[in-house]
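1. just coords:
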């Protein structure tokens, strides 16, 4: 999860953290705009979350249904193939 700090967004977050103490993230949830405040400690907690359970302990014989909208402007549909 540390890789998120290497993205272009990380520089934007850092500037907002330095200027305001938080970053206002606006996203669409159920087709409604939603804004949340992300604080530096939130990002730190997120980057320290151990996601290895997905790769190491997720049963190989479990069926997973992936649904993705083709008109999604935020996450391109091909991203769903990461989970196959």
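-> Structure received. Since we're looking at a predicted model, the values are computed, not measured. Numbers count the residues shown, from 1 in each chain.
2. for residue 80, see how far away residue 65 is.
-> Applying C-beta to C-beta, to the nearest Å, the value for residue 65 to residue 80 is 11 Å. Every residue, glycine included, has its C-beta placed from N, CA and C.
3. swap in residue 70?
-> In this view, residue 70 and residue 80 are 10 Å apart by C-beta to C-beta.
4. before we move on, what about residue 29?
-> Using C-beta to C-beta, residue 29 is found at 18 Å from residue 80.
5. which of these two has more residues huddled nearby?
-> Using other C-beta atoms under 10 Å, the more surrounded residue of residue 29 and residue 80 is residue 80, with 14 against 8.
6. is it correct that that one is in contact with residue 68?
-> Yes - using C-beta atoms under 8 Å, residue 80 is in contact with residue 68, at 4.3 Å.
7. between the two ends of stretch 26-42, how far is it?
-> One end of stretch 26-42 sits 16 Å from the other (C-alpha to C-alpha, to the nearest Å).
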